[in-house]
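Asker: missing the sequence, but the structure's below:
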């Protein structure tokens, strides 16, 4: 099968068993220095922390994103960090093989609410700890628990080599910060908590709220490259517009990733699948125009990796060839233009290595992993000594910028980075001739070789051989000649280490938990869940929802209202409104003279006569009745249409709904 892949697509990386032999050209010696200009490897490399977000044994992908239920990490407020660590220990394997043995990294997302519904006992939709009320995003108790959980996540994950980055999650459907969106107060809380908890791991968020962007967080975007969301027709609140016009440099601080939404491609004519990236991952890989479209978006937004698109069939050679083409575009791709080192170094002295590197990929490398130098035994090709190079920071090797779709190139090309690193040779290194080699090490994973440069000079095991060096005396020759190189494309020998103390952590006994009483609707008493949120549509920097506690919960919407500003209560599947007569009561106050309109809707369509209320500075009690004559086709919702195209404040409290006898 592999031969067929190679014939179909030269870009597909060969396996380690396939070899090329070194040539003497590309090596020069002058003034006591050896300079190597190694040949670039133009194929795809199955490197970590980039590419397809899904592990494939016979394809590209060394990342796994996992949804994690909050209730799996905390039974109650007094639960400890051990349960979180034990959960990761249990869930970081695939088909019986540990992630660290596969060189696979985890990107976790903790969530509470799957899709707004309660679900069923067999398949629940809510995953709140037993001592918190379901749907209660607004209480002071939830805010405190939110802060405490993030601190525990940091203790468990910030030094765990299995974790690459952390998706913020926690609020809204699927942890995607909608229904509800985090309030401004919650955004400030989350920024403070995540910055304090995670010093070593990138933090990713769903939306480009200003607080998150100023904090340097990355993005996980759930409809990557979908035409409906692309400028200029896409919403200005969504990531594509924001990344293009508002926050163009967010990729320099943390990864850009997300999902390629193929359901939209199949179900929505506006997605124009034949003009974009097709209807399935295999189609994307097979059609050159689809790959070009996807490449354009990966380059434009500096994406490191994507999910859903990873569901391609790696057993098909032509599909794998297309995946290889995209793999070369994702994330970083470090090309060694040249490497220089002294022809001779004495034992116990300092070895200096000079590098010239270009990042021809789409994104930086975001973790502080060191470049290491090694002396390899010429016979065994194994290191007899190695050390990290001081003074080299691969995070600074940026790709090109300002993508031009017409020329299909960055207007600011990837620059060449010149770096000089040093390492002190230990005195026990024996005199003789060795091969100088470089590798990029996994800092938290036991300083094991991991990332490969895009060069043909490669030995299986993670080291890039460059030339001969003499320790004590000059070598007979500096150039590598007729030495068999392995392909850097795939190397299943690469792995990292997890500390035994971490692996030994077991889930502790469940702590005593005082569970809250679940709320159940009663048509004759109350149909509005007191813990469920009211969502603000079109919330932005100039219009926010606040929760005020003054003898009860007050929902405040304040700022600049526009034509689409609405405050909505969705029932989910907890309370069903059957045909009949209902009484709805509430209290309101706000900027005097402004008006709001209350309406009952079915999937966004009004199904009962609207009620108009003029606000005053004092609380007003309002009671109204409406009749439901037929069953709802979609989902019932209570909705307040807020003042239009003006500034002001609207307060809502004490909402009540029951059947009228």
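Answerer: Received the coordinates, thanks. Everything quoted here is computed from the prediction, not taken from an experiment. Numbering: from 1, shown residues only.
Asker: Not counting sequence-adjacent ones, nearest residue to residue 243?
Answerer: residue 301 (5.7 Å; CB to CB, 6 or more residues apart in numbering). C-beta: built from backbone N, CA, C; applies to glycine.
Asker: mind listing what the one you found touches?
Answerer: When contacts are counted by CB atoms under 8 Å, 6 or more residues apart in numbering, residue 301 is found next to 224, 239-240, 243, 251, 256.
Asker: show me the contacts for residue 47.
Answerer: The contact partners of residue 47, taken as CB under 8 Å, 6+ apart, are 62, 331-332, 451-452.
Asker: Let's verify it: helix, strand, or coil?
Answerer: The assignment at residue 47 comes out as coil when based on DSSP: H, G, I helix; E, B strand; the rest coil.
Asker: Roughly how far does residue 239 sit from residue 247?
Answerer: Here the criterion is CB to CB, to the nearest Å. By it, residue 239 lies 9 Å from residue 247.
Asker: intersection of neighbour lists for these two?
Answerer: Common neighbours of residue 239 and residue 247, using CB under 8 Å, 6+ apart, are residue 208.
Asker: Looking at these two, which has the bigger crowd around it?
Answerer: A direct count of neighbours by other CB atoms under 10 Å for residue 239 and residue 247 places residue 239 higher, at 25 against 17.
Asker: Please name the nearest non-neighbouring residue to the more buried one.
Answerer: Across the structure, with CB to CB, 6+ apart as the measure, the residue nearest residue 239 apart from its sequence neighbours is residue 221 (4.6 Å).
Asker: Which entries within the contacts of residue 47 meet the buried criterion?
Answerer: In these, burial by neighbour count holds for 62, 331-332, 451-452, counting by 16 or more other CB atoms under 10 Å.
Asker: Under the pLDDT cut-off, which ranges of the stretch 351-500 of the chain? List them.
Answerer: Scanning the stretch 351-500 of the chain for pLDDT under 70 picks out no residues.
Asker: That one: helices as residue ranges?
Answerer: The residue ranges that make up the helices of the stretch 351-500 of the chain, judged by DSSP state H, counting those that start in this stretch, are 500-503.
Asker: again with the chain
Answerer: 2-8, 70-73, 81-91, 99-102, 140-157, 184-197, 210-214, 239-241, 262-267, 281-286, 288-301, 317-327, 500-503 (DSSP state H).
Asker: per-domain residue ranges of this protein.
Answerer: The domain map for the chain lists 8-45+335-497, 51-216, 535-659, with the assignment taken from automatic domain parsing.
Asker: now the ones you listed as CSV including distance to residue 525?
Answerer: Below are these laid out as CSV (distance: least, CB to CB, whole Å):
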stretch, distance to residue 525
domain 8-45+335-497, 53
domain 51-216, 18
domain 535-659, 6
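Asker: Would you mind telling me which of those is nearest residue 266?
Answerer: Residue 266 lies closest to domain 51-216 among these, at 19.4 Å (CB to CB).
Asker: Between the two ends of stretch 306-313, how far is it?
Answerer: The distance separating the two terminal residues of stretch 306-313, taken as CA to CA, to the nearest Å, comes to 16 Å.
Asker: Contacts for that stretch next, please.
Answerer: Defining contact as CB under 8 Å, 6+ apart, one finds that stretch 306-313 is touched by 52-54, 56, 59, 61, 65, 224, 257-262, 280-282, 284-285, 294, 298, 319-320, 322-323, 326, 330.
Asker: rerun that using 7 Å as the cut-off
Answerer: With CB atoms under 7 Å, 6 or more residues apart in numbering as the test, stretch 306-313 has contacts from 52-54, 61, 65, 224, 257-262, 281-282, 284-285, 319, 323.
Asker: just the buried members of those?
Answerer: Buried members of the contacts of stretch 306-313, counted by 16+ other CB under 10 Å: 52-54, 61, 65, 224, 257-262, 281-282, 284-285, 319, 323.
Asker: mind checking how far the nearest residue to residue 440 once chain neighbours are set aside is from residue 62?
Answerer: Leaving aside its chain neighbours, residue 440 sits nearest to residue 451 (3.7 Å; criterion: CB to CB, 6+ apart). For residue 451, the distance to residue 62 equals 11 Å [CB to CB].
Asker: same deal with residue 618?
Answerer: Per CB to CB, residue 618 is found 62 Å from residue 62.
Asker: quick one: residue 283 from residue 314, how far?
Answerer: According to CB to CB, residue 283 and residue 314 sit 15 Å apart.
Asker: measure residue 144 to residue 151 for me?
Answerer: Plainly put, residue 144 is 11 Å away from residue 151 if you go by CB to CB.
Asker: Of the two, which one has the most company?
Answerer: Applying other CB under 10 Å to residue 144 and residue 151 shows that residue 151 carries more neighbours, namely 15 against 12.
Asker: Surely that one and residue 194 touch.
Answerer: No - Residue 151 is not in contact with residue 194 according to CB atoms under 7 Å; the separation is 9.8 Å.
Asker: Closest to the centroid, which residue in the protein?
Answerer: The structure's the chain has its C-alpha centroid closest to residue 220; by CA atoms, centre = their mean the separation is 4.4 Å.
Asker: give me every residue that touches that one.
Answerer: The neighbours of residue 220, taking CB under 7 Å, 6+ apart as the test, are 167, 204, 206, 257-258.
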